[in-house]
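S.K.: Model the following, please.
(one chain, ligands or ions: 3)
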Amino acid sequence: MKIMDEVMKMHVGGKLETGLKNPIRSMEDLSKVYTPGVAKVCQAIAADQDKAYEYTIKKNSVAVVSDGTAVLGLGDIGPKAAMPVMEGKAALFKQFADVDAFPICLDTKDTEEIIAIVKAIAPTFGGINLEDISSPRCFEIEARLKQELDIPVFHDDQHGTAIVVLAGILNALRVCNKDIKNVKIVVNGIGAAGIAVSKMLLHAGAVNLIGVDRQGAINRAVHYDKPHWSEFALITNPHLEIGSLSEVIQGADVFIGLSAPGALKLGDVKRMAADPIVFAMANPTPEIDPEIAGPYVKVMATGRSDFPNQINNVLCFPGIFRGALDCGATEINEDMKLAAAEAISSVINASDLHETYIMPNAFDPRVVERIREAVIRAALKSGVARIVMGERVTTSSLI
Ligand SMILES: NC(=O)c1ccc[n+]([C@@H]2O[C@H](COP(=O)([O-])OP(=O)(O)OC[C@H]3O[C@@H](n4cnc5c(N)ncnc54)[C@H](O)[C@@H]3O)[C@@H](O)[C@H]2O)c1
Ligand SMILES: O=C(O)C[C@H](O)C(=O)O
Ligand SMILES: [Mg+2]
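M.R.: Residues are numbered from 1 along each chain as shown. Ligands and ions are numbered 1, 2, ... in the order given. The predicted structure is shown next:
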């Protein structure tokens, strides 16, 4: 009970506050930061919009946007109840990457309204981090905003998760001496995170990957009324396996849970292949208690901060936005995502790699440093960086 009191105490009045870069101590200071002095800055930006990056918070600010419909694994708890998570994300952006992030929780679930609101607030920000917006709306919201904004738009539950899972899987397979091309992977929960994680693993060389949702294995022989499942079915489950999780997990090398608490039973774990890898990532309660599954798996990981091998997008979003902001990237593309995954994985030296140490923890400064460097390199190489050699170039000059 005590830990809960400490948790509630840490949230009294929220976790964030605004701050000043320079104190305002006199009428002279006031005349510079406010009228009349400020007018000159406004006119400079009005004459050249890119100067907003030089003279406002835009170059270092990110909006953490949610509608509260898929908060952690708690589901549709609404915008006000989502605030502690979004404030938490903003706090982690600042703590780990010195990014000024702002929680924006919207009292609407309407796709067009969300797109319109985010477009309208975009002038203030250097990037948009979408968070805990349920599928399938999250797919259209992200795709449309990426098309219509010239700043990075990144749905963290999809891509932040995909990046950290790939980093973890690369290292877990090294511990088990298995090759991604030859393993059977079962992904449980084919929503925002499950789809993005599966696509990233396929992109990294996985072949035998099966997605399972509440109704069982996703199979191309079945007609789905969800277009994202129809598309998913075409690129997964090459042996057309059918049935429940308990059936398709037979002989699986890897289980990745992006579903809900308790979805994986100990009997399921025992049916997996030798030296199984289990990433039970549902938050706050994983698909299986790691202490129950632990003795039966080679590598056990969860999304939580209080067990070893935390596989959580906190290892990704601070660094990837740090890199994107520092090179003025117009987007976060596939090359930058892959680079971020390899950077995270590289933090663990081969000699230190161990079944209880496959991922660095969020406080390891090398995580953000290496992601930032790798992401900037990938952005420059793929032509989406606007700051080259310290000079901001206009978007048009990138074409
Ligand atoms: N550790 C991390 O960094 C991390 C990152 C993202 C998401 N997650 C967790 O993954 C889960 C899903 O997140 P999301 O954003 O993809 O949500 P989502 O709502 O988009 O997708 C959840 C999917 O899981 C399915 N599902 C629910 N219960 C299931 C069950 N018992 N068996 C099989 N499928 C089931 C739903 O039908 C849905 O398709 C949440 O628990 C979330 O906390 C963890
Ligand atoms: O919020 C987290 O801890 C990770 C992830 O974004 C989630 O929705 O579970
Ligand atoms: Mg989330």
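
S.K.: State the distance from the residue of the stretch 251-399 of the chain found nearest ligand 1 to ligand 3.
M.R.: Nearest residue of the stretch 251-399 of the chain to ligand 1, counting by CB to the nearest ligand atom: Gly303, 2.5 Å away. Where C-beta positions appear, they are placed from N, C-alpha and C, glycine not excepted. In this view, Gly303 and ligand 3 are 9 Å apart by CB to the ion, to the nearest Å.

S.K.: wait, what's in contact with that residue?
M.R.: Residues in contact with Gly303, defined by CB atoms under 8 Å, 6 or more residues apart in numbering, are Ala280, Met281, Ala282, Asn283, Pro286, Gln310, Ile311, Asn312.

S.K.: what's the most distant pair in those?
M.R.: With distances taken as CB to CB, the most widely separated pair in the contacts of Gly303 is Ala282 and Gln310, at 13.4 Å.

S.K.: ok, those two, which is more surrounded?
M.R.: Ala282 (24 against 20; other CB atoms under 10 Å).

S.K.: hang on, that one packs against Ala260?
M.R.: Yes: with contact defined as CB atoms under 8 Å, Ala282 reaches Ala260; the gap is 5.5 Å.

S.K.: hey, what's in contact with both of those two?
M.R.: Gly73, Gly189.

S.K.: ok and the residue in this structure nearest ligand 2?
M.R.: For the chain, CB to the nearest ligand atom, closest residue to ligand 2: Asn283, 3.7 Å.

S.K.: so who does the closest residue in space to Asn361 that isn't next to it in sequence touch?
M.R.: In this structure, Asn361 finds its nearest non-sequential neighbour in Gln310, 6.6 Å apart by CB to CB, 6 or more residues apart in numbering. Gln310 makes contact with Ala301, Thr302, Gly303, Arg304, Met359, Asn361, Ala362, according to CB under 8 Å, 6+ apart.

S.K.: Show me which residues of this structure sit near ligand 2.
M.R.: With CB under 6 Å from any ligand atom as the criterion, the chain meets ligand 2 at residues Leu72, Val85, Asp132, Asp156, Asp157, Asn283, Gly303, Asn312, Asn313.

S.K.: go again using 8 Å as the cut-off
M.R.: 70-73, 85, 88-89, 131-132, 156-157, 160-161, 193, 281-284, 303, 312-314 (CB under 8 Å from any ligand atom).

S.K.: List only those of these flagged as buried.
M.R.: Burial of these was assessed by neighbour count (16 or more other CB atoms under 10 Å); the buried members are 70-71, 73, 85, 88-89, 131-132, 156-157, 160-161, 193, 281-283, 303, 312-314.

S.K.: Excluding chain neighbours, what is closest to the residue in the stretch 51-200 of the chain that ligand 1 sits nearest to?
M.R.: Among the residues of the stretch 51-200 of the chain, Gly191 lies closest to ligand 1, at 1.8 Å counting by CB to the nearest ligand atom. Among residues not flanking Gly191 along the chain, Ser135 sits closest, at 4.3 Å (CB to CB, 6+ apart).

S.K.: for the one you found, helix, strand, or coil?
M.R.: coil (DSSP: H, G, I helix; E, B strand; the rest coil).

S.K.: Now do the same contact list for it.
M.R.: Applying CB under 8 Å, 6+ apart, the residues near Ser135 are Ala70, Gly191, Ala192, Ile195, His228.

S.K.: Buried ones from the contacts of Gln310, can you make that a PyMOL selection?
M.R.: Buried residues among these (16+ other CB under 10 Å), as a PyMOL selection:
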select buried, resi 301+302+303+304+359+362
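
S.K.: Which single one of the contacts of Gln310 is nearest to Val38?
M.R.: Nearest to Val38 among the contacts of Gln310, with distances taken as CB to CB, is Ala362, at 37.7 Å.

S.K.: Tell me which stretches of the stretch 251-399 of the chain form helices.
M.R.: Assigned by DSSP state H, counting those that start in this stretch, the helices in the stretch 251-399 of the chain fall at 266-270, 290-293, 317-326, 334-346, 365-381.

S.K.: Who are the packing partners of the third one?
M.R.: Translated: helix 317-326. Applying 3 or more CB pairs under 8 Å, 6 or more residues apart in numbering; DSSP states H and E, one finds that helix 317-326 contacts helix 79-97, strand 127-130, strand 153-155, helix 156-176, helix 334-346, helix 365-381.

S.K.: Ok, which of those comes nearest Ile235?
M.R.: Proximity to Ile235 (CB to CB) singles out helix 156-176 among these, at 14.3 Å.

S.K.: and the very next helix or strand once past the closest one, is it in reach of ligand 1?
M.R.: Counting by DSSP states H and E, the next helix or strand C-terminal to helix 156-176 is strand 184-188. Yes: Strand 184-188 lies within reach of ligand 1 by CB under 8 Å from any ligand atom, at Asn188.

S.K.: And for strand 184-188, what's in contact with it?
M.R.: By CB under 8 Å, 6+ apart, strand 184-188 touches 194, 197-198, 201, 206, 208-213, 245, 248-249, 251-259, 263-264, 273, 287.

S.K.: got the CA positions of that strand in CSV?
M.R.: Below are the C-alpha coordinates for strand 184-188, written out as CSV (Å, rounded to 0.1, in the frame of the first residue of the first chain):
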residue,chain,number,x,y,z
LYS,A,184,8.7,-19.0,-35.2
ILE,A,185,7.3,-15.8,-33.7
VAL,A,186,3.8,-15.3,-32.2
VAL,A,187,2.6,-11.8,-31.7
ASN,A,188,-0.5,-11.6,-29.4
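
S.K.: Give me the distance between the next helix or strand after it and the centre of its chain.
M.R.: Using DSSP H and E, the helix or strand that follows strand 184-188 in sequence is helix 192-203. On the basis of CA atoms, centre = their mean, to the nearest Å, helix 192-203 sits 12 Å off its chain's mean C-alpha point.

S.K.: Alright, calling it a day.
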